[in-house]
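1. one predicted model, sequence on top.
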Amino acid sequence: MASTLSTSVPTYEAISDESELVALVSRVYRVVWEEYHTWALQNSEDAVKNSTRTSYTRPPPLCREVVAESPLQAPELSDDLEAFTITDFDASGSVKQIFEVYSRPITVDKVLRPYPPYESCTPISRNIMVGDDPDYLPFIPFSDDPSYDYRYDICEHKYFAWHVPNADPDSEVIAYETTRRLVVDHKISYEDIDETELLPFSTEEIRKFHRKRDFPRWRDTKDLASLPRSSIAAAQGPKEITNYFLSTFCSNLNCVTGFCTTHLETQLPSTVPPRIPYSKLGDIVQEPCGRDCFMQPILAENSIGTFWQPADTEFLFSFLDYAPDSSSCDLAPICRKPCREIHKQRAKYRSRSASSNAGAKNGKVYNEHSSEYTPFVPSPLSWAKNKEQPHMSEEMERLLLRQIALRQTLRNEQVFMLYGQHRVRSGGLLTVWSTRTEVRESKWGLGLFMLESCDEGDLIAEYVGELICEPTFDSRNAHTNHRGRSYVFKLNPTFSVDGANAGNATRYINHSPNANCGTTVCLVNGEHRVGIYAATRLEKGDELFINYGPKFFISSSGSPKGGPNLSAEAEGTSLELPAFVMPTYEHASDATYSEGSDVSMEDGSELGEP
Ligand SMILES: C[S@@+](CC[C@H](N)C(=O)[O-])C[C@H]1O[C@@H](n2cnc3c(N)ncnc32)[C@H](O)[C@@H]1O
């Protein structure tokens, strides 16, 4: 049995006898189980008791004076008056008074049409990875609409959601408290608890529960130590520790959130070779970070060094594997070492990389004399602003603008990045800036309208939804056809973005062959995202239109059924392919730039004439 040591977790006691360990875990589990259920029973009884009214006092009857003051009292009787009888009861329920109120009938000139039933969707700000819908049917779709034949859905699924045994939320509370007691009070390691296989979850899952949900306050937690955050053993190196955290936090730069549900296959960032030679590291420092900066001359008074443990060196080196071009000034506070020493140590890293090829991508190691190094330009902001710069290569311009964008993103400002003719407006790495719009009725059901003006090429918003695979796209077809509205954007032969169940306001953009917006699929940090751009200047109040592509509406054999206000004549008529695509867009790879750029895009020029 493992006896794991860590600075962040208690010292675990090794229980050599396995049956002793099993007995301990089951004993603690049983005690917690009983304590919790005793509390739960009492808590439920109290809740029922508190919600029962012990005595009932009848509220006072309607105030008679108000009625007496009514201007309609004792009117001049005429034919157009209607009379209502009001009976006033006293507290015991006997009739106190009966009187009449008169009212003139109200004539409504315009009949208000009830708004047709309309399904909303879960608002999301980024795509959700669904892949395929589950094998179970969560509910009967359109159950209040007898014209929908839900047998189709029953055939498409293997069983109903209510056939799946529900996870008991109480068991999470009990498992958490059992683990807490075993680790904190009995000093048992997570690995040992897992080995017994007595708890319904692994300790890794159990540790996540508390971050995912609130537990009922079933005991006084004031003086109780909570579960140690991590079981990473000190014996493991900094690389393992880094990888552990990187696997918990999504490493996709569009995301960087814990327990991400979009990028299901978390990829550890790959190590990269340095681009900046050691001798040129001074280029990236605009001013020395302090007295101990490697840029400062060595003074006798600060020549005493710190002691470097092997773990310190290892930590620095593993950091350099991922970010080899970081400045020594930036690394100093991270490694908690003087900048000058960091700089000296990275010379060792350089020679280690050169000899072992460690950290090199495609077996390439930086060669100080190769042409791969593009000198870094200090203060890129002022440099880029200087339009006179005669020799700014395209690559250089791209790098500079990216640098500016990243800096400004940190300052939370709006940023324009120029990529050839394309202009991408971004309010940050994580959220995409969008123009202000509103959803309201249009000729084709609801539509999206501008609340402010914008220029041609401006990003209006990102089209978001559930990322679904082809079979799910097919199985959702019956719903799409019945609803008469499709919210699917076909990304490539494998994936589509479906905004029917989850999405944002862009799902309301209608079709027109003379579209005033274009769509562009961007490959952003390895993820396809759909940007909607103005194809012409748009004014406040303009409705936005996309050209759904030639396959969306075909021939003239009836109109798409259902949907509000679809009695209006459709541009095309029957719905053959319920997904809209860029007219000439064939494959995702067509829509992306070459490798290396983290934001790439397709030329939006195939859009319909504005
Ligand atoms: C992405 S939704 C657009 C929002 C939709 N109008 C609504 O109310 O939710 C696409 C659906 O809108 C309708 N639609 C959009 N443009 C149309 C057009 N030009 N002619 C007929 N129907 C259109 C079709 O039902 C289509 O499947």
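-> All right, it came through fine.
2. what is the burial count for the residue lying closest to Ile532 once chain neighbours are set aside?
-> The shortest distance from Ile532 to any non-neighbouring residue, by C-beta to C-beta, 6 or more residues apart in numbering, is to Ile460 (4.7 Å). C-beta here means a position set from N, CA and C on the backbone, and glycine is covered the same way. Neighbour count for Ile460, taken as other C-beta atoms under 10 Å: 26.
3. from the chain, which residue is nearest to the ligand?
-> Nearest residue of the chain to the ligand (C-beta to the nearest ligand atom) works out as Gly445 at 2.7 Å.
4. sorry, back to before: in a helix, the residue nearest to Ile532, correct?
-> No - the assignment for Ile460 (DSSP: H, G, I helix; E, B strand; the rest coil) gives strand, which keeps it out of a helix.
5. quick one: pLDDT of it?
-> Looking at Ile460, its pLDDT is 89.
6. same thing with the one 5 residues further on?
-> Gly465 is assigned a predicted lDDT (pLDDT) of 93.
7. where does pLDDT dip in the stretch 351-500 of the chain?
-> 353-434 (pLDDT under 70).
8. can you list the residues of it near the ligand?
-> Within the stretch 351-500 of the chain, the positions near the ligand by C-beta under 6 Å from any ligand atom are Trp444, Gly445, Leu446, Gly447, Gly484, Arg485, Ser486, Tyr487.
9. elements contacting whichever strand or helix holds Phe489?
-> For Phe489, the host element (DSSP states H and E) is strand 488-490. Helices and strands touching strand 488-490, by 3 or more C-beta pairs under 8 Å, 6 or more residues apart in numbering; DSSP states H and E, are strand 495-498.
10. continuing past the strand it packs on, what's the next helix or strand?
-> Counting by DSSP H and E, what follows strand 495-498 is strand 502-503.
11. count of residues packed around His163?
-> 9.
12. oh sorry, the question was meant for Tyr152
-> Neighbourhood size, Tyr152 [other C-beta under 10 Å]: 14.
13. name the nearest residue to it, ignoring sequence neighbours.
-> Nearest residue to Tyr152, sequence neighbours excluded (C-beta to C-beta, 6+ apart): Ala478, at 4.8 Å.
14. who are the contact partners of the one you found?
-> Tyr152, Asp153, Glu156 (C-beta atoms under 8 Å, 6 or more residues apart in numbering).
15. how much space separates the residue nearest to Ile532 from Phe99?
-> Noted for Ile460: a distance of 61 Å to Phe99, by C-beta to C-beta, to the nearest Å.
16. show me the contact partners of stretch 130-137.
-> With C-beta under 8 Å, 6+ apart, stretch 130-137 has contacts from 153-154, 156-161, 163-164, 264, 466-469, 471-472, 475-476, 498.
17. what subset of these is buried?
-> Asp153, Glu156, Glu466, Leu467, Ile468, Thr472, Ser475, Arg476, Asp498 (16 or more other C-beta atoms under 10 Å).
18. those residues in strands, which ones?
-> Glu466, Leu467, Ile468, Asp498 (DSSP state E).
19. ok, which pair from the residues you listed is furthest apart?
-> Leu467 and Asp498 (8.0 Å; C-beta to C-beta).
20. hang on, the earlier thing: go through the ones in strands among the buried ones among the contacts of stretch 130-137 and say which is closest to Ile106.
-> Distances from Ile106 to those, taken by C-beta to C-beta, are shortest for Asp498, at 45.5 Å.
21. need the contact list for the closest one.
-> Residues in contact with Asp498, defined by C-beta under 8 Å, 6+ apart, are Val130, Gly465, Glu466, Ile468, Phe473, Arg476, Tyr487, Val488, Phe489.
22. dump the residues you listed to a markdown table, plus distance to Ile276.
-> Converted to a markdown table, the contacts of Asp498 look like this (distance: C-beta to C-beta, whole Å):
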| residue | distance to Ile276 |
| --- | --- |
| Val130 | 42 |
| Gly465 | 41 |
| Glu466 | 42 |
| Ile468 | 43 |
| Phe473 | 46 |
| Arg476 | 50 |
| Tyr487 | 47 |
| Val488 | 45 |
| Phe489 | 41 |
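23. once you drop chain neighbours, what's closest to Glu470?
-> Thr494 is the one closest to Glu470 (C-beta to C-beta, 6+ apart), at 6.5 Å.
24. any idea how far that neighbour is from Ile98?
-> For Thr494, the distance to Ile98 (C-beta to C-beta) stands at 74 Å.
25. kindly report the same for Lys187.
-> Computed with C-beta to C-beta, the distance linking Lys187 and Ile98 is 80 Å.
26. and Lys158, by the same measure?
-> Distance from Lys158 to Ile98, by C-beta to C-beta: 64 Å.
27. same check on Arg476?
-> 60 Å.
28. for Thr271, same thing?
-> 89 Å.
29. of these two, which one has the most company?
-> Neighbours per residue, other C-beta under 10 Å: of Thr271 and Ile98, the larger number sits with Thr271, 17 against 9.
30. host element of the residue lying closest to the more buried one once chain neighbours are set aside?
-> Nearest residue to Thr271 in three dimensions, chain neighbours excluded: Asp321, at 4.1 Å (C-beta to C-beta, 6+ apart). Element membership for Asp321 (DSSP H and E) is helix 310-322.
31. elements contacting that helix?
-> Other elements packing on helix 310-322 under the criterion 3+ C-beta pairs under 8 Å, 6+ apart are helix 238-248, helix 328-335, helix 339-356.
32. compute the inter-axis angle for the last one and helix 328-335.
-> Taking axes from the mean of the first three to the mean of the last three C-alpha atoms, to 10 degrees, helix 339-356 and helix 328-335 form an angle of 100 degrees between their directions.
33. now for helix 339-356, which elements pack on it?
-> Against helix 339-356 (3+ C-beta pairs under 8 Å, 6+ apart) you get helix 310-322, helix 328-335.
34. go on, the shortest one?
-> Using 3+ C-beta pairs under 8 Å, 6+ apart, the elements in contact with helix 328-335 are helix 310-322, helix 339-356.
35. returning to what we had before: CSV for the buried ones among the contacts of stretch 130-137, including distance to Tyr29?
-> CSV is the format used below for the buried ones among the contacts of stretch 130-137 (distance: C-beta to C-beta, whole Å):
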residue, distance to Tyr29
Asp153, 41
Glu156, 41
Glu466, 39
Leu467, 40
Ile468, 41
Thr472, 40
Ser475, 42
Arg476, 43
Asp498, 43
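36. report the two of those residues separated the most.
-> Checking the buried ones among the contacts of stretch 130-137 with C-beta to C-beta, the most distant pair is Asp153 and Leu467, at 21.2 Å.
37. just the helices from this structure, written as ranges.
-> 18-51, 64-68, 151-156, 169-180, 190-196, 203-212, 238-248, 310-322, 328-335, 339-356, 380-385, 394-410, 470-475, 477-483 (DSSP state H).
38. compare those and say which comes out lowest on pLDDT.
-> Between the helices of the chain, the lowest average pLDDT goes to helix 380-385, which shows a mean of 36.
39. which residues of the stretch 201-350 of the chain lie near the ligand?
-> So the stretch 201-350 of the chain never meets the ligand (C-beta under 6 Å from any ligand atom).
40. residues contacting the residue nearest to Ile532?
-> By C-beta under 8 Å, 6+ apart, the contact list for Ile460 reads Ser434, Thr435, Thr437, Cys454, Thr506, Cys517, Ile532, Tyr533, Ala534, Leu538, Leu544.
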